[in-house]
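Student: Fold the stuff below for me.
(one chain, ligands or ions: 4)
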Amino acid sequence: RAKATGKARCQIYSPRLSGPPEHDITLEAAMFQAVREGEFLLYYQPIVDARTRQIQGFETLMRWKHPTLGMVPPARFIPIAESNGLINLLGAWALKAACVQLKQFEEVAKRHLYISVNISPRQFRNDKFLAVLDDAIAFSGLLGEQLVLEITEGTLMIDPVHAEAILAKMAQRKARIAIDDFGTGYSSLAYLKRFPISVLKIDRTFIKDLPDSAKDGAICNAVLDLAKHLGLSVVAEGVETEAQMHFLESRGCQYIQGYLTGKPMPANVALAALKESTHAAVLPDELRMGGQ
Ligand code: C2E
Ligand code: MG
Ligand code: MG
Ligand code: MG
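Tutor: Ligands and ions are numbered 1, 2, ... in the order given. Below is the predicted model:
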């Protein structure tokens, strides 16, 4: 029997399909086998405080470790899972396993952390989604406010009336909503007014040419300003250099996620990073002198 019991691997138990030879099977067929074989894994990428660099939470990023193809990137398998519906199974597993993992991270850190999980458009529209969410929260025992659900502008725009209803239910559970890849989708700013959104994640395309690109600088400044006035948090995605970090920090960006402060990593490596972050997180001088 199935799945989603908060285990570290996504696995369902069903008889092997007798399929065509290995080299003939499509990626899609391989995916069903991968689920049965437990080839999907979760990696965790630190999200750090821009000023102290202490880890505040992690984004959960799915990985597929195929025995012969190696690591298949999510950009290849998520769209397939989205089109054949497997994303509902994979996504439910990821949500629950990530919530359980967060509890272990917290035991090590001895402080509250948060976990951010990507929700695809099809998952968001699935009528079992709220049940999946409730199950993940109840099973793991974390607080709703420790959970951030990342959705894209596109997800909201497909059916705004439905989105509004689902977001209201999420808000009841105190789960926060982040707009992933902010600024890259087709949407108007009106949705920031309409929907209960808590976090904007500035897409890497606006970060990668900082601080040289005046246009990207202006866009980041504008997003930070907008967020500040709307009372939203901002995470800058894909920060790779100290210069980018410095630009963002000096403009009041609160959270940083990128290779500079930590690549996506398996849970055991994330645990080690967390131990280090927890012990080494002394405040920089300017913060210490400023206050308590
Ligand atoms: P995303 O949610 O926008 O995730 C951020 C992506 O940026 C991740 O790619 C991450 O590895 C990458 N990244 C982070 N920091 C840096 C950096 O400093 N430089 C560069 N070059 N890249 C950086 P990844 O893991 O390949 O995932 C790609 C996308 O696949 C994600 O974009 C998300 O849309 C989707 N995805 C991943 N895991 C899941 C999942 O569990 N469920 C769903 N529905 N989608 C997922
Ligand atoms: Mg994301
Ligand atoms: Mg993103
Ligand atoms: Mg992105």
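
Student: Mind jotting down where the helices sit in the stretch 51-200 of the chain?
Tutor: 74-84, 86-109, 121-125, 129-140, 153-158, 160-172, 190-194 (DSSP state H, counting those that start in this stretch).

Student: tally of neighbours for Ala272?
Tutor: Ala272: 11 surrounding residues under other C-beta atoms under 10 Å. Backbone N, C-alpha and C define where each C-beta goes, glycine included.

Student: That one: what secondary structure?
Tutor: Secondary structure assignment for Ala272 (DSSP: H, G, I helix; E, B strand; the rest coil): helix.

Student: For it, list the residues it contacts.
Tutor: Applying C-beta atoms under 8 Å, 6 or more residues apart in numbering to Ala272 gives no contacts.

Student: got the residues of the stretch 51-200 of the chain near ligand 1?
Tutor: Neighbours of ligand 1 within the stretch 51-200 of the chain, by C-beta under 6 Å from any ligand atom: 60-62, 73-75, 78, 91, 94, 118, 120, 150, 180-181.

Student: which regions of the stretch 1-150 of the chain lie under the pLDDT threshold?
Tutor: Scanning the stretch 1-150 of the chain for pLDDT under 70 picks out 1-7, 10-25.

Student: near ligand 2, which residues of it?
Tutor: Residues of the stretch 1-150 of the chain lying close to ligand 2 by C-beta under 5 Å from the ion are 118, 150.

Student: in the stretch 1-150 of the chain, what residue is nearest ligand 3?
Tutor: Proximity of the stretch 1-150 of the chain to ligand 3 (C-beta to the ion) peaks at Glu150, 6.7 Å away.

Student: sorry, back to before: out of the residues of the stretch 51-200 of the chain next to ligand 1, who's nearest Asp216?
Tutor: Nearest to Asp216 out of these is Asp181 (C-beta to C-beta; 14.7 Å).
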